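A.B. asks: Below are the sequence and a predicted model for it; my questions follow.
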Amino acid sequence: MTTACPPDGLGYWPFATREDLARDLVESYEAGATIRELVASRGICFGTVQQLLREGDAVMRPRGSTRHPTPA
C-alpha cells in the first residue's frame, strides 16, 4: 500500500493512502468536476490526477466535452 504525500504548502492531507485519494478524485470527477478543477483544489499536477482517475476506474469524459460522460 502506497502512502500519498501532501503537496507542498497544504499542510493537512486527509488521505492515508493513494487508493483513498484516487477514490476521492473519482467521486468528485464523476459528480461533474473537471480534471482542471481537481488539480486546482488538490494541488496535484494534471498528469497525476489523470493517472489516479484511471487507477480508480473512473468513467472518463472525452476532451472538451460537457461534464457528462458519453453513453456507452
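C.D. replies: Received the coordinates, thanks.
A.B. asks: Tell me the confidence at G64?
C.D. replies: Each residue has a pLDDT score; the one for G64 is 77.
A.B. asks: What about the closest residue to F46 other than its chain neighbours, how many residues nearby?
C.D. replies: Among residues not flanking F46 along the chain, V39 sits closest, at 5.3 Å (CB to CB, 6 or more residues apart in numbering). To be clear about C-beta, it is placed using only N, CA and C from the backbone, and glycine gets the same treatment. The number of residues packed near V39 is 16, by other CB atoms under 10 Å.
A.B. asks: pLDDT score for V39?
C.D. replies: 92.
A.B. asks: Kindly report the same for G47.
C.D. replies: On pLDDT, G47 comes in at 93.
A.B. asks: Please identify the buried residues of the strand or helix carrying it?
C.D. replies: Per DSSP states H and E, G47 falls inside helix 46-55. Under the neighbour-count criterion of 16 or more other CB atoms under 10 Å, helix 46-55 has V49, Q50, L52, L53 buried.
A.B. asks: Any stretches of the chain with poor pLDDT?
C.D. replies: 1-13, 65-72 (pLDDT under 70).
A.B. asks: any idea how far the helix holding G47 is from the chain center?
C.D. replies: 6 Å (CA atoms, centre = their mean, to the nearest Å).
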